[in-house]
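> Show me the folded form of this:
(one chain, ligands or ions: 1)
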Amino acid sequence: MPFSDFVGNPEVVQRLREMLARDHFPHAVILAGAQGSGKYTLALMLARAMNCLERPTNDRPTTGGSMDATRTGGLPDFCGRCSNCTRMGLAQDLDARFAEAVEARENLRETDKKETRIFVQTHPDLLVIPPDPPQMMIKVDQVRHVIQRIYYRPAEARESVYVFTTSAFMKEAANSLLKVLEEPPEFATIFLLTENPGELLPTIRSRSAIFTLSALGSAELESRLAKLRPDWNPRQRALVARLSEGAMGRSLSFDLEGYVAARGQALVILKSALGGSEHSDLFKTTETFRAGAEGRQKIEGLLRTLYLLLEDLMCLQSGAAHLVRNTDIQGELKKMSERADFAWVQRAAEGLGEVERGLRRNLLRSLSLDAFATALEPQG
Ligand SMILES: [Zn+2]
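Predicted coordinates for the structure are as follows:
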């Protein structure tokens, strides 16, 4: 999967590759962007481009003009087939590798468990540092492990690569990282991935080059999905593209079935609140929200969906139909918006806030949803 497969942000990718070509790649790079925007994918692509054994040509088009130079635009790329590319590529499925590492730790003796930190490593010179459970933060022992290794020359690669997949550092861990950034070795590159660079210490930011991956347009996402998710029909692809907020990764892993199910329930609740359906339908729906972790997840999904539907109703009322995200049920929403005026939508949003606060106080879920819907019904 060479750089031409990376979706969106061509200018950022080009600048990074140009720095590679000039051998001026920074020792620390912050890749910023929303969840699913491709930060991790891009970091792994760059790691492979640094270390590909076949190195699809580095020649500038003016000097080379070979087939390869045309294919890669004259900038460094990677073959995806050599032993460095293949093993580094195995780290791409981060969720799976992370789960394996966590499971391996679970199987250790209690005493070893405490001292073992989570890493993902599929190549001796590529170390991925994910947040360590259960706190899901980067811990100081993880950074210490990096410090122990980073001053040794890479074993099989030209450049060793370290990828921190989150900017949630424990305080001591952040301070340790800072020490590495003050004196980085020539042959190592550190990637820091973050949704919000502001979470990193200013002193870490000032020692790193920052690149931001911005959101893609819905149209671009939709056309990519047409190739990658042919099992979704055009209406489904349009819906997923709008709900993924311009993040390719999020759209690919979008749980369409789960979303549509939650939305069905959200619609029952909203319709009941608008006085358009029987209470029995409402109670049947809210009854399914039970206690426990699974119930909590389910109701969080429901609340997100309810907010999205309210936003869409708001868009329809203010004549901004092009901003509606639930495009596949626009007709149904239009009908609802005729009965729900601006003040009603606002009261509904406030009511949802109440439900959320109630959940934090552990109020019975079904009851607080019933109360939400009945309080909004038209009086008289
Ligand atoms: Zn290669």
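> Next, the residue of the stretch 101-250 of the chain found nearest the ion: secondary structure please.
Nearest residue of the stretch 101-250 of the chain to the ion, counting by CB to the ion: residue 157, 10.8 Å away. Quick note: C-beta positions are derived from backbone N, CA and C, even for glycine. For residue 157, the assignment made with DSSP: H, G, I helix; E, B strand; the rest coil gives coil.
> thinking it is in contact with residue 123, fair?
Yes: using CB atoms under 8 Å, residue 157 is in contact with residue 123, at 7.2 Å.
> Now do the shared contacts for these two.
Common contact partners of residue 157 and residue 123 (CB atoms under 8 Å, 6 or more residues apart in numbering): residue 84.
> more neighbours, these two?
Counted by other CB atoms under 10 Å, residue 157 and residue 123 do not tie: residue 123 has more neighbours, with 25 against 22.
> Quick check: which element contains the closest residue to that one other than its chain neighbours?
Distances taken as CB to CB, 6 or more residues apart in numbering place residue 87 nearest to residue 123, at 4.0 Å, with adjacent residues excluded. Under the criterion of DSSP states H and E, residue 87 resides in helix 83-89.
> so does that helix get close to the ion?
Yes: contact of helix 83-89 with the ion (CB under 5 Å from the ion) involves residue 85.
> downstream neighbour of that helix in the secondary structure list?
According to DSSP H and E, the helix or strand after helix 83-89 is helix 94-106.
> quick one: contacts of that following helix?
Taking CB under 8 Å, 6+ apart as the rule, helix 94-106 contacts 40, 90-91, 113, 116, 118-120, 122, 128, 130, 133, 165.
> which of those count as buried?
Neighbour counting with 16 or more other CB atoms under 10 Å marks 40, 91, 118, 119, 120, 122, 128, 130, 165 as buried within these.
> can you put the residues you listed in TSV and add pLDDT and distance to residue 218?
Formatted as TSV, the buried ones among the contacts of helix 94-106 follow (pLDDT from 0 to 100; distance: CB to CB, whole Å):
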residue	pLDDT	distance to residue 218
40	97	23
91	97	30
118	96	36
119	97	37
120	97	32
122	97	34
128	98	31
130	98	30
165	98	27
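> Which members of those residues occur in helices, if any?
Among the buried ones among the contacts of helix 94-106, the residues falling in helices (DSSP state H) are residue 40.
> average pLDDT for stretch 226-240?
The pLDDT scores in stretch 226-240 average 94.
> Now it: buried residues?
Buried residues in stretch 226-240, counting neighbours by 16+ other CB under 10 Å, are found at 229, 232, 236, 237, 238, 239, 240.
> returning to that earlier point: restricted to strands, list the buried ones among the contacts of helix 94-106.
Cross-referencing the buried ones among the contacts of helix 94-106 against strands under DSSP state E gives 120, 122, 128.
> Average pLDDT for the top strand by length along the chain, rounded please.
Scanning the chain for the strand with the most residues, using DSSP E, yields strand 188-194. Strand 188-194 shows a mean pLDDT of 98.
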